[in-house]
Each structure stands twice: as structure tokens, then as C-alpha cells.
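# Sequence and predicted structure, then a few things I'm wondering about:
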Amino acid sequence: MTTVTPPATTPTRTTQPARFRDLLAAEWIKLWSLRSTWGAFALILLAMVGLAIHAALVTHAGWPDWSAERRAVRSPLWDAFPTQAQMFVVLAASGVGAVAIGGEYASGLLRTTFAAVPRRGAVAAAKLTVLTGVLTLLGVLGAAAAFAASQAILADVGAAMSVGDPGALRGIAASALLVPLCALIGMALAALIRHTAPAIVTAATVLLLLPTAVNEDERWTALLRHAMPVPAWQRLIEPTGPPPWTNELYPATVSGAWTTYATWTVATALIIVFALHRREP
């Protein structure tokens, strides 16, 4: 009787699932490998600091000729965080968010990532963590530098404010957090649209053009405008409320503006997680 000997089997090597810190490292590399990242970050810092210095210099030059009434209603935060600077910040930050995920859709890298790491929720969490972390640090750096540089110039004519003055820290925080918020909006739109250019255009429309098309003559239109990120930022950099010459019938509140920030942050994060988890790349 012949005895059949089973063939020897080689034990299979099990692959360890990717740890979250490995996903963070991968997303960090992806973000910094994008050619547009460095340029966008430089534009954000240059716009925040450079235009703040320019605004402060203009105020410094005209201050001796200003009337007492004009000096009384003026806020040093208007020079620290001019509207022109935030327009560049909104465009650049939302562009970074859109490119961060739109580029992966276009190149097929997202499909490869999900093949290597089937846990899509973990991938989405890593993307959100890296993007918000880096953009928050960038926003803090830009806002702090813009405030310090502008107030140093204004101090020469006695028109500066300190960090401890009412509304100063709030203005710095609002300007810093606007950077990652716009990046999340750009990423969420790219996750839905799956194309970078349309996502950037849509982000610019939602963030910059739509607020200008909504007036505050009626309560419901005022509430709609107050629920937008840029008008919320504009309220947060006002130390004592809207300027008297605006004659707003339904002025925004500080708590409402912070609620707008929080709502958009949570909503965009959920959209990104849902889009990556439910839709095939």
C-alpha cells in the first residue's frame, strides 16, 4: 500500500494592516509632493503679512490728517486683517484642499490607496488630520505675523492695539482658522465633483461671490449671509460689532459667527468621509 505524503506547505506571511500613523505619514508625503502646495502656502503667507503691512503703512501715513471722529471708529484689526488679503487666502486655501483630493481622483492614486488600505474611513481621517493640521499651523503663523507687523507700524502714531485688547485674540483666531476651513471646503467640493478645476471654481463662487449677492434687508437673507464663512469672519474681526455707517438691520453676533465656523467644519468633514467611503473612485 502506497502512503501519500502531503506536500510541504510554506507558512504564509500575514501583512500587518497599516497603522494610523502610517496613513498620516503617507498623507503628509502626498501633500508636500504636490507642486502647487509650496506656491499656495507662500501666497497665503505673503498675502496675510504683506497686505497687512501695506494697510498699516497707509493708515500710518494718513493718521495725522484724520479727524477725531474717523480715528474713533477705526479698528486696528482692519489693517491687521484687510479684506483684500483674505480674498487671496480663501482662493489659495480652497485650492490646496481641492487639489489634495482632486489630483488623486485624476491620477488614480486614490484607487491605489484604497486597494492597499481598504479601511476608507481611516484614510479619510488621515487626510482630514493632515490637511487641517498643516493649514491651521499656517493660518496661526500668518495671522500672528500679520497682527504683530501691522501693530508695530501703527504703534509709531499711537494707533495700535495689543493682544490683550478686546477683540484682538478673537480676530487673530478667526483669521487663522479661516485658512483650514476654506481648505476643507475645497476638499469637500472636490470629493463630490471629483475634478479639481470645477471644485476650485465652485469654492470661489460659494465663498466669495455668493455673499456679495445676498443682502441683509430681510431677516431671512441676513441669516443666510451670516451662515457663510467669509461674512462670519468679517464679524469676528470687528471688536465692537459692525461699523456704525453700515446701518445693519439684522447684525450678526459673535456666537453666531463661531457657530458658522463650527457648522461648516463638521459638515465638510462629514461630506469628505461619506464621499470617500460610499463612492467608488
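Structure received.
# For stretch 77-89, buried residues please.
Judged by neighbour count using 16 or more other Cβ atoms under 10 Å, the buried positions of stretch 77-89 are 77-82, 85-89. Any C-beta I mention is one placed from the backbone N, CA and C, and that applies to glycine too.
# let me fix that: stretch 112-124
Neighbour count says stretch 112-124 has 113-114, 117, 120, 122-124 buried, by 16+ other Cβ under 10 Å.
# Restricted to helices, list these.
113-114, 120, 122-124 (DSSP state H).
# returning to that earlier point: adding distance to residue 160, secondary structure and pLDDT, write the buried residues of stretch 77-89 out as TSV.
Converted to TSV, those look like this (distance: Cβ to Cβ, whole Å; DSSP: H, G, I helix; E, B strand; the rest coil; pLDDT from 0 to 100):
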residue	distance to residue 160	secondary structure	pLDDT
77	11	helix	94
78	12	helix	92
79	9	helix	94
80	10	helix	96
81	14	coil	96
82	16	coil	95
85	18	helix	94
86	21	helix	93
87	24	helix	94
88	24	helix	96
89	23	helix	96
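# So which elements touch the helix or strand where residue 174 lies?
Assigned by DSSP states H and E, residue 174 falls within helix 168-193. Contact here means 3 or more Cβ pairs under 8 Å, 6 or more residues apart in numbering; DSSP states H and E; on that basis helix 168-193 packs against helix 77-80, helix 83-107, helix 120-154, helix 196-204, helix 229-236, helix 254-278.
# got the contact list for the residue lying closest to residue 165 once chain neighbours are set aside?
Spatial nearest neighbour of residue 165, chain neighbours left out: residue 239 (7.4 Å); criterion: Cβ to Cβ, 6 or more residues apart in numbering. Counting by Cβ atoms under 8 Å, 6 or more residues apart in numbering, residue 239 touches 75, 77, 165-168, 170-171.
# tell me the pLDDT at residue 239?
What the model reports as pLDDT for residue 239 is 79.
# mind checking how far the residue nearest to residue 146 when sequence neighbours are not counted is from residue 185?
Leaving aside its sequence neighbours, residue 146 sits nearest to residue 52 (Cβ to Cβ, 6+ apart; 3.8 Å). Distance of residue 52 to residue 185, computed by Cβ to Cβ, to the nearest Å: 23 Å.
# Compare the two (neighbour count), which wins?
The residue with more neighbours, out of residue 52 and residue 185, is residue 52; 29 against 26, by other Cβ atoms under 10 Å.
# Looks like that one contacts residue 80 (just checking).
Yes. Using Cβ atoms under 8 Å as the test, residue 52 is close enough to residue 80 to be in contact (5.4 Å).
# Need the overlap of contacts for these two.
146-147, 150.
# Please pick the buried ones from those residues.
Buried among the shared contacts of residue 52 and residue 80 (16+ other Cβ under 10 Å): 146-147, 150.
# And the residues you listed, which is closest to residue 253?
For these, the closest approach to residue 253 (Cβ to Cβ) belongs to residue 147, at 23.1 Å.
# Identify the residues contacting the closest one.
52, 80-81, 163, 168, 171-172.
# ok, back up a step: please tabulate the shared contacts of residue 52 and residue 80 in TSV, including the columns distance to residue 95 and pLDDT.
Listed next are the shared contacts of residue 52 and residue 80 as TSV, based on distance: Cβ to Cβ, whole Å; pLDDT from 0 to 100:
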residue	distance to residue 95	pLDDT
146	20	98
147	24	97
150	25	97
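# Roughly how far does the residue nearest to residue 237 when sequence neighbours are not counted sit from residue 126?
Leaving aside its sequence neighbours, residue 237 sits nearest to residue 171 (Cβ to Cβ, 6+ apart; 4.2 Å). Look at residue 171 and residue 126: by Cβ to Cβ, they are 32 Å apart.
# still on that earlier bit, single out the most deeply packed of the helices and strands packed on helix 168-193.
helix 77-80 (a mean of 26; mean count of other Cβ atoms under 10 Å).
# same for that helix, what does it pack against?
When contacts are defined as 3+ Cβ pairs under 8 Å, 6+ apart, helix 77-80 sits against helix 51-62, helix 120-154, helix 168-193.
# could you redo the last one with a cut-off of 6 Å?
If you count contacts as 3 or more Cβ pairs under 6 Å, 6 or more residues apart in numbering; DSSP states H and E, helix 77-80 packs onto helix 51-62, helix 120-154.
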